[in-house]
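**Student:** from the sequence below, what's the structure:
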Amino acid sequence: IIFQCEELSMTALDDPSPSVVGSATRILLPVLAKWSLELDRLQASLITHLIQRLKSQTKHPYMSLQPSPVESPGKQGLDSDQQMAWTLTVIQTLLPYLVMSVVAVEPVLSTITSDTTVVEPSEVFDLNNGLTNPAIFYEGEYPVSLILGAFDSYVDKEWQEGWPQMDWITSTLLPELLDVLNCTQVNRELVVATFIKMFRYISAGFGRAFVKHKVKPVFAERLQILEKSLTDSRSSIWPSLTIIPVYLVGILAARRDQEFTDELEGLLKRFVCALPVCGAPIHTLEVTIRCLCENTALHETVLAALWEGVVHPRAPVRSSAAILFVSVIGHVSEVLVASRIAPALVTLASDPDMIACVVNSEQELKEGLPLPQALFDNTTLRKARDCTNVWEQQ
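**Tutor:** Presented below is the predicted three-dimensional model:
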């Protein structure tokens, strides 16, 4: 019966009526998730069904290398990106059930004592919606906050006994989501933004220890594969770089933690230098940086990483750093533009290696920087203009 209900819910998600799709997402699927959780079928059946649906909506990676026109709405009334984004949203909606399926297990519950630290549910648990509030749908012996605290402490131990529900997350769910991500180019902005949000919720829902010990290693392995493929690339077809913004923004920037912030800065520095050296496109970095700059606490981190490109010995890296610095304008305060961005652009405009000085036009430089005009004398502007001409001729 439950399998038939799952099929019915998938059919409802394909309904041309937005109200039907919305009701299925907010009501039908959470009810089905609770039933699946009670039968211990949530991961193996319902979530797996949704992952298969997501994979079926994914284009072949090489079909997404160039921006494609928006497809005409089909019988579902949504284009392919909207369909993928909605499926990701459905999975995100069911995350509270997925979290409880992992944390409310005997190895964790048996460690609960009067000294167990309490961890309050994060924003991933919509406490205003009874269907996704574990304090309402979970009927166990202990409060949810106590279970989350015990889980965080347990996973943070140097040695721990695993269990099938947790192993499924790291061996099946995360790899399959990253496989889909690997088939998604960064120009599919809606899909990328939804992936970032979903991984941010995964980070918040499972907690710091789980992210550190279980999630980050999965991403680290994929990033190593990506860097190797960039180094070995001998053609103009590049692998998807979408994992960069998803990991940096969705995982590392999602937690206010110095260890995570330090890793974020280190990785951003690495890619600011590595992508131009390989000749890979840097649009992914522009997207990543704009997303990171939405958090004012990360502005200094971003600018410090970009400065690494300004002082790099390779001209292509310095060229890309100029483009990235210009892309930051409008996303940070005027104080930072004056104190950090303008000096970087002036330094690059004075670079003897002319190809390293990239500014789209003299007018863009004048209008883009909300600074006194005297800061840019005729010599600097002339150098910037000449550098642009050299770049365009390459």
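**Student:** and stretch 263-280, what's buried?
**Tutor:** By neighbour count on 16 or more other CB atoms under 10 Å, the buried set for stretch 263-280 is 263-265, 267-269, 271-276, 278, 280. No exception for glycine: its C-beta is placed from N, CA and C like everyone else's.
**Student:** spatially central residue in this protein, please.
**Tutor:** Val246 (1.9 Å; CA atoms, centre = their mean).
**Student:** pretty sure that residue contacts Thr194?
**Tutor:** No - assessed by CB atoms under 8 Å, Val246 is found out of contact with Thr194, at 10.1 Å.
**Student:** quick one: contacts for the residue nearest to the centre of the chain?
**Tutor:** For Val246, the contact set (CB atoms under 8 Å, 6 or more residues apart in numbering) comprises 181, 192, 195-196, 199.
**Student:** what strand or helix carries Leu275?
**Tutor:** helix 258-278 (DSSP states H and E).
**Student:** quick one: average pLDDT of that helix?
**Tutor:** Helix 258-278 comes out with an average pLDDT of 95.
**Student:** who's in contact with it?
**Tutor:** 212, 223, 227, 230-231, 233, 241, 244, 247-248, 251-253, 281-282, 284-285, 288-289, 292, 298, 301-302, 304-306, 308-309, 312, 314, 316-317, 319-321, 324.
**Student:** drop anything exposed from these.
**Tutor:** For the contacts of helix 258-278, buried by 16+ other CB under 10 Å: 212, 223, 230, 241, 244, 247-248, 251-253, 281-282, 284-285, 288-289, 292, 298, 301-302, 305-306, 308-309, 312, 316-317, 319-321, 324.
**Student:** number of nearby residues for the closest residue to Arg188 other than its chain neighbours?
**Tutor:** Nearest residue to Arg188, sequence neighbours excluded (CB to CB, 6 or more residues apart in numbering): Asp81, at 5.3 Å. Burial of Asp81, expressed as a neighbour count using other CB atoms under 10 Å, amounts to 21.
**Student:** relative to Tyr201, how far out is Asp81?
**Tutor:** 20 Å (CB to CB, to the nearest Å).
**Student:** same question for Thr25.
**Tutor:** 15 Å.
**Student:** ok, now Ile329?
**Tutor:** Taken as CB to CB, the span from Ile329 to Tyr201 is 31 Å.
**Student:** returning to what we had before: tell me the confidence at the residue nearest to the centre of the chain?
**Tutor:** Turning to Val246, the model gives it a pLDDT of 98.
**Student:** look at it and tell me its secondary structure.
**Tutor:** helix (DSSP: H, G, I helix; E, B strand; the rest coil).
**Student:** do the same with Ala220
**Tutor:** With three-state DSSP as the criterion, Ala220 was assigned helix.
**Student:** chain neighbours aside, what residue packs nearest to Ala12?
**Tutor:** Nearest non-adjacent residue to Ala12, counting by CB to CB, 6+ apart: Ala24, 3.7 Å away.
**Student:** nope, His49 is what I was after
**Tutor:** Excluding its sequence neighbours, the residue lying closest to His49 (CB to CB, 6+ apart) is Glu6, at 5.4 Å.
**Student:** helices and strands around whichever strand or helix holds that neighbour, which ones?
**Tutor:** Assigning secondary structure by DSSP H and E places Glu6 in helix 2-13. Applying 3 or more CB pairs under 8 Å, 6 or more residues apart in numbering; DSSP states H and E, one finds that helix 2-13 contacts helix 18-23, helix 29-38, helix 48-56, helix 80-93.
**Student:** now for Ser110, how many residues are close by?
**Tutor:** By other CB under 10 Å, neighbour count at Ser110 equals 10.
**Student:** pLDDT wise, what is Gly162 at?
**Tutor:** Reading off the model, Gly162 has pLDDT 86.
**Student:** how far away is it from Lys214?
**Tutor:** 10 Å.
**Student:** neighbour count for those two, which is higher?
**Tutor:** Lys214 (18 against 11).
**Student:** quick one: residues contacting Glu294.
**Tutor:** By CB under 8 Å, 6+ apart, the contact list for Glu294 reads His331.
**Student:** three-state assignment of it?
**Tutor:** Glu294 - assigned by three-state DSSP - is coil.
**Student:** may I have the phi/psi pair for it?
**Tutor:** phi -70, psi -20 (degrees, to the nearest 10).
**Student:** again with Val328
**Tutor:** Note on Val328: its backbone torsions stand at phi -80, psi -30 [degrees, to the nearest 10].
**Student:** could you report the pLDDT at the closest residue to Thr87 other than its chain neighbours?
**Tutor:** With sequence-adjacent residues excluded and distances taken as CB to CB, 6+ apart, Thr87 is closest to Leu54, at 4.7 Å. According to the prediction, Leu54 has pLDDT 95.
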